[in-house]
Structures are given as structure tokens and as C-alpha cells.
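Colleague: show me how the following folds:
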Amino acid sequence: MNDKSILEGLFRQHYGKMIHLARTLLHDDAEAQDVVQDVFARLLENDYQMTGNKTEAYLMSAVRNHCLNLIRNMQIRERFKHLHPLDEADETHSIDEMMAELEQINAIVDAHIEEPHKTILRLRFDEELTFQQIASRLGMSVSTVYKYLRQCITRIKLFI
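Modeller: Presented below is the predicted three-dimensional model:
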């Protein structure tokens, strides 16, 4: 949109309806103003030519779409926060506490886990071998290694 006077006229003519729609969708005056400004900024940057009676429909659709994108992004951020909460207790979890938990798990393994489960557990978590590497070393199938490891972890959880 090369002629800034045309853009200014569109702004004066449609701003009220555009801001009302944005406020209705976002429930936030500052966000609504940003959305309307973004729509006009894109018009200015991309040199859109609007003619006829479809101008208002285009502007309202642009505001609606921009608002819906903002809402969708906010919802994604909220879902992410719920899936990955930043719990202060986790952040302050000391090394001593983690070492104590590992010692407790090792004691449970030594006292309550039988062979070959114990060997599989040690190979997986101490030596960080893959299921395939463990299966090759012990002469077992990968599915057997997985099954034994799953059984072992289930037993450990019973004692914790």
C-alpha cells in the first residue's frame, strides 16, 4: 500500500470495529491494540492493494486470524507449562539427596532382584548399553531383555 493517505483513511474508518473484535477475542486492551497495529503494519510492508467493498471483510478477517493465532500460541504455552512444570523443589534437589536415592535403589537391587534381572539392570544403567548390546552380550533376544528390565523396574518401584 504505497499511498499512506489511503492507509490512514482505512485506519480511521475501520479501527473501531477492528479493535472491538480484537478486544472481544483477547480480553486484553494492550494485546488488541498490538494486533490491529500488526495488521496495518503488514499492509504497509507488503504493499497490499485493496479495492471495493471487500476491504472491511479483509481487515476483520486479518484481525480475527491474528487473534486466533495468539490464542492458540497461549494455549500451547499453557499446555507445555502443565506438561513440564518448573517446580522449585526439583531445582533445589541436592546432590546428596540424589545420591541417597541411588544408594537406596542399589540396596533394593542387591537385596531383592535376582539374576539375570540384576545383570541386565546394571548393563543398562551403569554401563549404558542398548537393549541390542545387552542381548548380544547375554545371548538373549531383545524382547527378553526388555521384558526382564521392565519386570526389574516394576519390582524396584514396589520398594520405593
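Colleague: okay, domains of this protein per the record?
Modeller: 4-83, 90-155 (automatic domain parsing).
Colleague: give me the distance between the two termini of the longest one.
Modeller: If I follow you right, that is domain 4-83. Start-to-end span of domain 4-83 (Cα to Cα, to the nearest Å) is 47 Å.
Colleague: what about L59, neighbour count?
Modeller: 23 (other Cβ atoms under 10 Å). Every C-beta, even on glycine, is put in place using the N, C-alpha and C of the backbone.
Colleague: in space, what's closest to it - neighbours in sequence excluded?
Modeller: H14 (5.1 Å; Cβ to Cβ, 6 or more residues apart in numbering).
Colleague: the longest helix in the chain is where?
Modeller: Identified as the longest helix of the chain according to DSSP state H is helix 55-83.
Colleague: remind me which helix or strand the closest residue to I153 other than its chain neighbours belongs to.
Modeller: Excluding the flanking residues, the one nearest I153 by Cβ to Cβ, 6+ apart is L121, at 7.9 Å. Using DSSP states H and E, L121 sits within helix 117-125.
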